[in-house]
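Participant: structure, please.
(2 chains)
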Amino acid sequence: MSSSPTYAYYPGCSGQGTSLEYETSSRAVCEALGVVLHDIPDWSCCGSTPAHTVDHVLSAALSARNLAQAETLTGVEGIATPCPSCLTNLKTAGRRMLDPQFKERVNSLLDTPVKQPLPAKSVLQVLFEDVGPAALKERVVKPLAGLKVAPYYGCILNRPPEVMEFDDCENPIAMDRLLEALGAEVVPFPLKVECCGASFGMPRKDMVMRLSGKLLDVAEDNGAMAMATACPLCQMNLDLRQSQINATSGKQHNMPVFYYTQLIGLALGLDKRLLGLNKLCVNPKAALQAAEQATAGAA
Amino acid sequence: MKIGVFICHCGSNIAGTVDVAKVAEEVGKLPDVAYSTDTMYACSEPGQEGIIQAIKDHNLDGVVVASCTPRMHEPTFRRTVERAGLNRYMFEMANIREHVSWIGKDKESNTQKAVDLASIAVAKLTQDRPLIAKKFGVNKRVMVIGGGVAGIQAALDCADGGLEVVLVEKTATIGGKMAKLDKTFPTVDCSSCILGPKMVDVAQHPNITLYANAEVDSVKGYVGNFEVAVKKKATYVDWTACTGCGLCTEKCPSKKATDYFNEKIATTTAISIAFPQAIPKKASIDPEYCIKITKDKCGVCEKLCPTKAIRYDMQDETVIEPVGAIIAATGYDLFDYTRYGEYGGGRYPDVITSLQYERILSASGPMAGHIKRPSDGKEPKNVVFVQCVGSRDKSVDRPYCSGFCCMYTAKQAIQTKDHLPDSQTYVFYMDIRAPGKMYDEFTRRAMEEYGARYIRGRVAMIYPKGDKYIVRGADTLAGTQVEVEADLVVLAVGAEAAKGASNLAEKLRISYDKYGFYMESHVKLRPVETNTAGVFLAGSCQGPKDIPSSVAQGSAAASKVLGLFSKDELESDPQVASVDIKRCVGCGKCIETCPFGAIEETDFRGEPKANVIETVCQGCGVCTSTCPQGAIQLQHFTDNQILAEVNALCQQPLVTSFE
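Facilitator: Residues are numbered from 1 along each chain as shown, chains lettered A, B, ... in the order given. Alright, predicted model coming up:
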């Protein structure tokens, strides 16, 4: 590689709290794999779901402020963010601002106008395209052999396809390939892009119980010992609420739900403190040990 | 010159937004116009009589009608002036309906534009000269391209009418899609039992020459005198010797060849006969899988063949067939459902197409008529049908309705219950479109007598769960989401234009729509004609059709050919290029640019000159703009005639500002 891929980094609010481990593991993995991240100075909330349900211009303005702040950085080829929801807002704002009138309305709300919105990508897309499974495989020091994992992308990482412009919108494979490069056994998971219930955990908990419950059921049916996610909200519904789901459905799931960056970090042998495995609600120890024993037994 | 001008009201179609009386008055002031009037319907019988009367009363030399598009009524009015004793080319038409009244609401501007267009037509007419059509002979042989049910019907009707027919079929057997069906709606009668006799008739008819495993390579010529090059693809079996005994197919050791006839749910032998009733019943070798051809080993079929018909070194062969008319009956292909990632994109073995299901149902199919899952051979209990897969869906660029899927799905639901009485069928549908005779009654029977559960809504997702599949969709009548556990899912895939359809259209010089279906000459009134004289359409190549409609069109196309061939001579269109021999310098540029090969070099007193073959010339005008000398002119569209039109327009004072 002639020069390291360099991105303006947008951490997103969840990364400061509920998904701290996603944030630290994403940064650690990028650093280890030579992806340079420059934090967008003085970044602010993207507006998440509530903003765009109220007003498209105001919602775009929230993301546009971050796009404008990113333009103050030099030498970056785009914006990278771990969170699919932040990514959707960044990309939607950039796309809507292709319309000069819309751009004008958004810019009139900002102190510093956006000149030319930078392209936004997920950290997953950066790792898949700029590093790639082959290069990742070479860097693995502790293969995850024996770990049967269901890759769960969530419903908005690849959709709508005309906005997200990455991977297949019904059967994405980027995370599959990266996990395979780590030596993990990726089980067939037909609900890769199904909804987990998202923020309905507050107003309609029953819906999350049903939808996330089904994700856990199907992952388990397909032989998964663990799930890998790329979204803070998905992870929270599957992990934090797993005991609620079990209580509702009467099932006994004990399925650790990793961020895929944590699994990459494990395979690269990164500092465990940066990976934040202790932040997971469902203890992954048993699954990781079972995987190790499976390979030790085979060897 | 004395010109008569008729401005048509077309009821309120034109008169609603154009002051037709004013147009008649203004155009009446032009120098050559001897008579100008408006008329309610110029094309009606009194309208035409009015034109004839005016020609006689005012001793007119030519007529302008300002009305609709010339595509609609130019032939009508040409016949009108001819009846009054004028040459039919002493007529011009101005289109003030499609080009004026239908597209603009400003009556003042419309009126002025109508005056302009009518004045242009008058100016052109002052330069027009009488033209006389020449006559030429007709070769009364017809080629039918495509041996599906539409092509078979067209070929048989033409042959029964006494014509010599050449039937060209791409695959090794005729029969098309219908031959692959187990049963047909709405009678649930056996498809091959009703088609089989017709196929045999084709084989036995003394007037029909059948080329199976053959394709049209090129088409030259014009109506009455086409020359079609047909490429007979190598079958590696001498069909004059092959008796269709099938011994070779029994002993062939290469058993993994793709079975196209069975829609790839099974494999076949490298040397094979598509199905028991195949016509011609001859073996052919798939060179991709033949061990002798790929590795120069084996040779079992050659040793076994009792008539010594095997020819491993056979090459493609081209034959030239002179014919006077061509019927395109090339059918359709199935939509590629793997484009729907949400239905598994082809990854799930028990999610199959409707035509694959027909092969499963068929007694001569790979499962001998027992419904079994392709994955594990188990009998399914819950069978789910998903309609509109690749129909009425803009997201896959297939916004049209394929028309027959509602019916065949109902038929397959009925058959499923007949085969497996303990089974339960579900049908996800958008709307039930069953407008044919006995059709709606048929779909009701599927529901009421055979217990098919119809769920109105689209399927969002199909995914495997254990050895079953979850089909999730909307029930828009109940307003809920539904999930059905299925053992087998049948996708009612829609129809799309046959692969290579656009390629053949270009050879035939006919138009096709954005989806590749061939364009008829008029959507309602000329459904089997094309805009290329002598080329006709039958069946699904023109748009998705069920069997009755395909058969009807096959017969209709045949009757058009029989009508065309009822004359011994046809008239050529005199609107063709013509060379002014004094101006021609013999540079040959026109010969190079003519897309139809209609210009040849001749010798005129020792000097090379261009000569137009009038029957081949299509009147496109490319040569006239190529000629550096202005020596080649398109009759009825000469430079002087077009300049007269331009002058007429440019001399008009501009009354409309574009501010």
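
Participant: what pLDDT, on average, does stretch A:206-219 get?
Facilitator: On average, the pLDDT along stretch A:206-219 is 95.

Participant: who's in contact with residue B:160?
Facilitator: Residues near residue B:160 by CB atoms under 8 Å, 6 or more residues apart in numbering or on different chains: none. (C-beta placed from N, C-alpha, C; glycine too.)

Participant: now do it, the pLDDT please.
Facilitator: So, for residue B:160, pLDDT stands at 98.

Participant: what about the strands in chain A?
Facilitator: A:6-9, A:36-39, A:79-81, A:120-122, A:148-152, A:185-186, A:226-229, A:257-259 (DSSP state E).

Participant: and for the third one, what's in contact with it?
Facilitator: By CB under 8 Å, 6+ apart, the list of residues contacting strand A:79-81 from outside reads A:7-12, A:30, A:35, A:37, A:40, A:66-67, A:70, A:87, A:90, A:118-123, A:126.

Participant: returning to that earlier point: turn the strands of chain A into JSON lines, columns for mean pLDDT.
Facilitator: Shown next, in JSON lines, are the strands of chain A (pLDDT from 0 to 100):
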{"stretch": "strand A:6-9", "mean pLDDT": "97"}
{"stretch": "strand A:36-39", "mean pLDDT": "97"}
{"stretch": "strand A:79-81", "mean pLDDT": "98"}
{"stretch": "strand A:120-122", "mean pLDDT": "97"}
{"stretch": "strand A:148-152", "mean pLDDT": "97"}
{"stretch": "strand A:185-186", "mean pLDDT": "96"}
{"stretch": "strand A:226-229", "mean pLDDT": "98"}
{"stretch": "strand A:257-259", "mean pLDDT": "98"}
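
Participant: any chance of these in TSV, plus distance to residue B:269 and mean neighbour count?
Facilitator: Putting the strands of chain A into TSV (distance: least, CB to CB, whole Å; neighbours: other CB atoms under 10 Å in any protein chain shown) gives the following:
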stretch	distance to residue B:269	mean neighbour count
strand A:6-9	57	24
strand A:36-39	60	16
strand A:79-81	56	28
strand A:120-122	50	26
strand A:148-152	41	26
strand A:185-186	38	18
strand A:226-229	46	27
strand A:257-259	51	29
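
Participant: could I get the ones you listed as a markdown table with distance to residue A:269?
Facilitator: Below are the strands of chain A laid out as a markdown table (distance: least, CB to CB, whole Å):
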| stretch | distance to residue A:269 |
| --- | --- |
| strand A:6-9 | 23 |
| strand A:36-39 | 20 |
| strand A:79-81 | 23 |
| strand A:120-122 | 24 |
| strand A:148-152 | 18 |
| strand A:185-186 | 20 |
| strand A:226-229 | 18 |
| strand A:257-259 | 16 |
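
Participant: for residue A:55, which of those is the nearest?
Facilitator: Closest to residue A:55 of these is strand A:120-122 (CB to CB; 20.6 Å).

Participant: around residue 293, how many other residues sit close by?
Facilitator: Picking chain A for this. Around residue A:293 there are 11 other residues, counting by other CB atoms under 10 Å in any protein chain shown.

Participant: should've been chain B
Facilitator: That count, for residue B:293 with other CB under 10 Å as the rule, works out to 18.

Participant: ok, now how distant is it from residue B:493?
Facilitator: 33 Å (CB to CB, to the nearest Å).

Participant: tell me the confidence at the closest residue in space to residue B:511 that isn't next to it in sequence?
Facilitator: Spatial nearest neighbour of residue B:511, chain neighbours left out: residue B:519 (4.1 Å); criterion: CB to CB, 6 or more residues apart in numbering or on different chains. Looking at residue B:519, its pLDDT reads 97.

Participant: what residue in the stretch 401-550 of chain B comes nearest to chain A?
Facilitator: Nearest to chain A in the stretch 401-550 of chain B, going by CB to the nearest CB, is residue B:463, at a distance of 3.3 Å.

Participant: bridged to that residue, which residues?
Facilitator: For residue B:463, the beta-bridge partners are residue B:470 (DSSP bridges).

Participant: name the nearest residue to residue 70, sequence neighbours excluded.
Facilitator: By default, I'm working from chain A. Closest to residue A:70 by CB to CB, 6+ apart is residue A:8, at 4.1 Å.

Participant: that was the other one, I meant chain B.
Facilitator: residue B:93 (4.5 Å).

Participant: re the thing from before, residues touching the residue of the stretch 401-550 of chain B closest to chain A, list them.
Facilitator: Here residue B:463 is in contact with A:190, A:191, A:218, B:344, B:469, B:470, B:472 (CB under 8 Å, 6+ apart).

Participant: from the residues you listed, which land in helices?
Facilitator: Among the contacts of residue B:463, the ones falling in helices (DSSP state H) are residue A:218.

Participant: quick one: which of the contacts of residue B:463 is nearest residue B:507?
Facilitator: Closest to residue B:507, out of all of the contacts of residue B:463 and judged by CB to CB, is residue B:344, at 37.6 Å.

Participant: tell me the phi and psi of the spatially closest residue to that closest one that is not a sequence neighbour?
Facilitator: Counting by CB to CB, 6+ apart, residue B:351 is the residue found nearest to residue B:344 once chain neighbours are left out, at 5.2 Å. Residue B:351 adopts backbone torsions of phi -110, psi 110, taken as degrees, to the nearest 10.

Participant: which residues are in contact with stretch B:436-454?
Facilitator: By CB under 8 Å, 6+ apart, the list of residues contacting stretch B:436-454 reads B:185-187, B:406-407, B:410-411, B:413-414, B:417-418, B:424-427, B:429, B:432, B:434, B:546, B:548.

Participant: now the buried members of those.
Facilitator: By neighbour count, with 16 or more other CB atoms under 10 Å in any protein chain shown, the contacts of stretch B:436-454 hold B:185-186, B:406-407, B:410-411, B:413-414, B:417, B:424-427, B:429, B:432, B:434, B:546 as buried.

Participant: which ones among those map onto helices?
Facilitator: Using DSSP H, those in helices are B:406, B:407, B:410, B:411, B:413, B:414, B:417.

Participant: and the first one, what does it touch?
Facilitator: Same thing as residue B:406. B:387, B:429, B:432, B:433, B:434, B:443, B:492.

Participant: which of those residues lies closest to residue A:208?
Facilitator: Distances from residue A:208 to the contacts of residue B:406, taken by CB to CB, are shortest for residue B:429, at 31.6 Å.
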